[in-house]
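J.: Please work out how this folds:
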Amino acid sequence: MQTILFIGSNKSGTSRDALKTAEELGYFVVLFTDREKFIQQREEFCEVHQMIYFENLLDKELLLNEIEKLQLQGKEIKGCISFIDPFVNLAATLSNEMELSNLSTDALYLMEDKTRFREMMIDHPATPMFDVFRPHIDTLHNCIERHHSSLPLIIKSPVSNGSKDVILVDTKEKLKQGLNKFLSLNPYSVLIEEYLEGPQYLVEVLVHDGEVHIVGVVEQKITKMNRFIVTDYLFPAILKEIEYQKLVETVESITSTLGVINGSCHLEIRLVDGDWKLIEINPRMSGGAMNRIIHEGIGVNLVKETISLYLGEVPNLQGQHHRYVYGKYLTVNSRGKLLKVTGKKRASMHEGVIDVYVKPRKGSILSPPLSMGDRYAYVLAAAETPQKAKEIAINAAKEIKFFLEPL
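T.: I've put the predicted structure just below:
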């Protein structure tokens, strides 16, 4: 029984798309999860043939023991994959050890920690000014004195993702508060970075046998609330030819420096005074609706082709068509218990809308966004021009209303 093993998944988005895609390809799908709630909601994961709970998904020995049990049951493991942090490198390492793939695990390891990555790329022209505050070799006072003249700054936890634990500080007091907060989460280090102004883009990359494929460049609109939350996506992004060529050169240089021969990643990168500066890189494709956005835009199912790469096959990244896709995400402005959501059907009836998704259920507690996980719905629209796709998505999104009971 040909089996693909997935380590971790979210309830929706790219990682869930991967489970469904593997099942559609005819594989027996096994999910290792550390979410007890998924076990309780087992019937909702109809594409998963076997779900196994682990309290700690990073315990490699326990995973190997369970894999051995699966093999004794007659399951032929063809792939071991993860689409979510922090399990990407672990899955790739297991896959390589089982001789199922030849993935660039050293590069994936570097990408999983922002401090490791920044220090590896310290001399690269796409790297902004940064510093790592380590309280065991430095003092908070010295760090603040060293950096207060460079405000505003971005401070991050080294293992943050989805805009969690990433904040902008513009005063000495906020810098001090932010450093103390992140030290309570990670007492070993805090990443401090230059704040860059300029349009931001998401770049989806697949590297096969050393050949870098830029599958998609997506323009992002960031809403500066309590965090940097991406609320709008336009694919494909509109760039001048010289900007795109410099982007290709920058991405190829970054992946080469990291030593990526086989692997998937996405970059968040800003155009600053004509130069590309890397905000961050992650060792997997982007989550949320990204697979649907790219598929609707150019006809490439990037989840499917990433699975192909992990199975040791040659990915097919040839686009089938070209149209613009706009994604509009919705958040809420106050905290409360969800009573109901209206307008989903009306939104889906707008001509050009290709998908409407509402995440929370009745009774859920909703809050203003502190991470990308606090985006509660989205509308995707497609059209022959970027302006039309944007207009459709934004107008359709206005139909959706969240009714909350204040807490």
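
J.: Mind listing residues that contact the helix ranked longest in the chain?
T.: In the chain, assigned by DSSP state H, the helix with the most residues is helix 241-258. Under the contact criterion Cβ atoms under 8 Å, 6 or more residues apart in numbering, helix 241-258 has outside partners 104, 107, 110-111, 117, 120-121, 124, 126, 201, 203, 205, 207, 212, 214, 217, 239, 265, 267, 269, 271, 274-276, 278, 281. The way it works is simple: take the backbone N, C-alpha and C, and place the C-beta from them, glycine included.

J.: rerun that using 7 Å as the cut-off
T.: 107, 110, 121, 124, 126, 203, 205, 207, 212, 214, 217, 239, 267, 271, 276, 278 (Cβ atoms under 7 Å, 6 or more residues apart in numbering).

J.: I'd guess the fourth one is in a helix, am I close?
T.: No. Assessed by DSSP: H, G, I helix; E, B strand; the rest coil, residue 124 does not belong to a helix; its assignment is coil.

J.: Grab the nearest non-local neighbour of it.
T.: Nearest non-adjacent residue to residue 124, counting by Cβ to Cβ, 6 or more residues apart in numbering: residue 257, 5.9 Å away.

J.: ok, now how distant is that neighbour from residue 208?
T.: Look at residue 257 and residue 208: by Cβ to Cβ, to the nearest Å, they are 18 Å apart.

J.: can you give me phi and psi for residue 263?
T.: Dihedral pair for residue 263: phi 170, psi 170, per degrees, to the nearest 10.

J.: List the buried residues of the longest helix of the chain.
T.: By 16 or more other Cβ atoms under 10 Å, the buried positions in helix 241-258 come out as 243, 246, 247, 250, 251, 252, 253, 254, 255, 257, 258.

J.: what's the farthest-apart pair in these?
T.: Largest separation among the buried residues of helix 241-258 by Cβ to Cβ: 243 and 258, giving 22.6 Å.

J.: just the helices in the protein please.
T.: Going by DSSP H, the chain shows helices at 14-24, 36-40, 60-72, 88-97, 105-111, 114-120, 140-147, 172-185, 241-258, 290-298, 302-310, 344-348, 386-397.

J.: Could you tell me the least trusted of these?
T.: Lowest mean pLDDT within the helices of the chain: helix 172-185, at a mean of 88.

J.: circling back: specify which member of the buried residues of helix 241-258 is nearest to residue 58.
T.: Among the buried residues of helix 241-258, and counting by Cβ to Cβ, the member closest to residue 58 is residue 258, at 22.2 Å.

J.: contacting residues for the spatially most central residue of the chain?
T.: With distances taken as Cα atoms, centre = their mean, the residue of the chain nearest its centroid is residue 286 (3.4 Å). Residue 286 makes contact with 14, 202, 204, 266 under the criterion Cβ under 7 Å, 6+ apart.

J.: Equivalent analysis for residue 193, please.
T.: Going by Cβ under 7 Å, 6+ apart, residue 193 touches 128, 130, 153, 154, 156.

J.: which residues in the stretch 151-300 of the chain form strands?
T.: Secondary structure of the stretch 151-300 of the chain by DSSP state E, counting those that start in this stretch: the strands cover 153-156, 166-169, 190-194, 200-208, 211-224, 228-235, 263-272, 275-282.

J.: any idea of the angle the last one forms with strand 263-272?
T.: Put simply, strand 275-282 runs at 140 degrees to strand 263-272, going by axes from the mean of the first three to the mean of the last three Cα atoms, to 10 degrees.

J.: what's the answer for the fourth one, then?
T.: For strand 200-208 against strand 263-272, the angle by the same axes, to 10 degrees is 150 degrees.

J.: Then the longest one?
T.: Angle of strand 211-224 versus strand 263-272, following the same axes, to 10 degrees, is 50 degrees.

J.: Adjacent strands (with direction) for strand 211-224?
T.: strand 200-208 (antiparallel), strand 228-235 (antiparallel) (DSSP bridges).

J.: now swap in the third one and tell me
T.: For strand 190-194, the paired strands and their directions (DSSP bridges) read strand 130-133 (antiparallel), strand 153-156 (antiparallel).

J.: Would you convert the helices of the chain into JSON lines that also reports distance to residue 376?
T.: Formatted as JSON lines, those follow (distance: least, Cβ to Cβ, whole Å):
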{"stretch": "helix 14-24", "distance to residue 376": "16"}
{"stretch": "helix 36-40", "distance to residue 376": "18"}
{"stretch": "helix 60-72", "distance to residue 376": "33"}
{"stretch": "helix 88-97", "distance to residue 376": "26"}
{"stretch": "helix 105-111", "distance to residue 376": "28"}
{"stretch": "helix 114-120", "distance to residue 376": "27"}
{"stretch": "helix 140-147", "distance to residue 376": "35"}
{"stretch": "helix 172-185", "distance to residue 376": "24"}
{"stretch": "helix 241-258", "distance to residue 376": "32"}
{"stretch": "helix 290-298", "distance to residue 376": "17"}
{"stretch": "helix 302-310", "distance to residue 376": "23"}
{"stretch": "helix 344-348", "distance to residue 376": "12"}
{"stretch": "helix 386-397", "distance to residue 376": "12"}
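
J.: Which among these is found nearest to residue 221?
T.: Smallest distance to residue 221 across the helices of the chain (Cβ to Cβ): 9.8 Å, for helix 386-397.

J.: Could you give me the buried positions within that closest one?
T.: Under 16+ other Cβ under 10 Å, the buried positions of helix 386-397 are 386, 388, 389, 390, 391, 392, 393, 395, 396, 397.

J.: contacting residues for the last one?
T.: Listed by Cβ under 7 Å, 6+ apart, the contact set of residue 397 reads 328, 330, 347, 379.

J.: among those, which are in strands?
T.: Secondary structure defined by DSSP state E assigns 328, 330, 379 of those to strands.

J.: who's in contact with the second one?
T.: Taking Cβ under 7 Å, 6+ apart as the definition of contact, the neighbours of residue 330 are 375, 376, 377, 378, 397, 400.

J.: Which single one of these is nearest to residue 222?
T.: Nearest member of these to residue 222, counting by Cβ to Cβ, is residue 375, at 12.3 Å.

J.: Now that closest one: closest residue in space, sequence neighbours ignored.
T.: Closest residue in space to residue 375, ignoring its immediate chain neighbours: residue 329 at 4.3 Å, by Cβ to Cβ, 6+ apart.
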